[in-house]
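A.B. asks: Turn this into a model:
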Amino acid sequence: MTRRTRVLRWTLGVLAMAAASVVAIVLVAPRITASQPGCAADYPSYPTTAELEASADLILRGTVTSVVEDPDDPLSTAIATIEVTATAKGTAPAGSTVEISYTSCATGDWTEPEAGGEYVVLLDDSADREEDWLPTPVNLDQGFYGVTDGHAVAGPGNPVALDPATLQRLGLS
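C.D. replies: Just a heads-up that it's a prediction; the model follows:
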């Protein structure tokens with residue numbers, strides 16, 4: 001076989017692969033749909049009260065005064081401002097305000113904070129370790145307990161009750 005024949009066969013092989021790639025793209029591309037906006041967050045889950053409360057740097061009771069979501073944020077982050085009523089762990093004096101950050105596009109059984117609502121919030125205060133980070137819930141299912149008639153109420157995705165001593169420090173039962 002001559003050099004010219006080998007080069008011709010190699011060139012034809014490369015052209016055949018390129019043509020097959022173009023055909024595959026033309027056939028497959030119309031079937032690909034644009035990805036839907038959304039997000040996912042992977043938080044740890046705590047099976048016991050002791051583990052849950054130990055994971056929090058800050059446990060407070062307060063009223064959410066505002067929730068602001070950034071529609072352009074690909075992580076769908078919300079910033080909630082909470083007026084502190086009481087603190088069971090960490091430093092957040094009654095009457096002060098605390099801003100927290102969380103992923104607001106999560107789905108599932110969690111208690112999403114709303115302006116005007118009262119909550120017990122368990123927070124991981126990453127600001128202790130990294131600058132410019134707001135505290136975040138220990139996880140979405142277990143980071144927020146609604147307050148109703150003087151009781152901390154876990155969301156449907158949270159089977160863990162808070163410790164009675166913690167509730168007492170927060171003025172709840």
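A.B. asks: tally of neighbours for residue 43?
C.D. replies: Neighbour count of residue 43, defined by other CB atoms under 10 Å: 18. (Each C-beta comes from the backbone N, C-alpha and C, glycine too.)
A.B. asks: And the strands in this structure?
C.D. replies: With DSSP state E applied, the chain shows strands at 58-69, 77-89, 97-103, 118-124, 136-137, 144-148, 151-154, listed in chain order.
A.B. asks: Let me know the pLDDT of residue 32.
C.D. replies: The pLDDT attached to residue 32 in the predicted structure is 51.
A.B. asks: Same check on residue 133?
C.D. replies: Looking at residue 133, its pLDDT is 80.
A.B. asks: end-to-end on stretch 49-62?
C.D. replies: Here the two ends of stretch 49-62 are set 20 Å apart, with distance taken as CA to CA, to the nearest Å.
A.B. asks: ok, the residue nearest in space to the middle of the chain to residue 162 distance?
C.D. replies: To find the centre residue of the chain, average its C-alpha atoms and take the closest one (CA atoms, centre = their mean): that gives residue 103, at 3.5 Å. Taking CB to CB, to the nearest Å as the measure, residue 103 falls 23 Å from residue 162.
A.B. asks: Residue 44 now?
C.D. replies: 17 Å.
A.B. asks: For these two, work out which one has more neighbours and name it.
C.D. replies: Set side by side, residue 44 and residue 162 show unequal neighbour counts under other CB under 10 Å, the larger going to residue 162 at 20 against 11.
A.B. asks: And for the more buried one, nearest residue in space, chain neighbours not counted?
C.D. replies: Counting by CB to CB, 6 or more residues apart in numbering, residue 152 is the residue found nearest to residue 162 once chain neighbours are left out, at 5.5 Å.
A.B. asks: my guess is that neighbour meets residue 167, correct?
C.D. replies: Yes - in this structure, residue 152 sits in contact with residue 167. The criterion is CB atoms under 8 Å, and the distance is 6.0 Å.
A.B. asks: Minimum distance to residue 6: which of the strands of the chain has it?
C.D. replies: Between residue 6 and those, the shortest separation by CB to CB is 58.5 Å, and it involves strand 97-103.
A.B. asks: Output the contacting helices and strands for the closest one.
C.D. replies: Under the contact criterion of 3 or more CB pairs under 8 Å, 6 or more residues apart in numbering; DSSP states H and E, strand 97-103 touches strand 58-69, strand 77-89, strand 118-124, strand 136-137.
A.B. asks: Quick check: which of the ones you listed is nearest to residue 13?
C.D. replies: With distances scored as CB to CB, the stretch of these nearest to residue 13 is strand 77-89 (51.0 Å).
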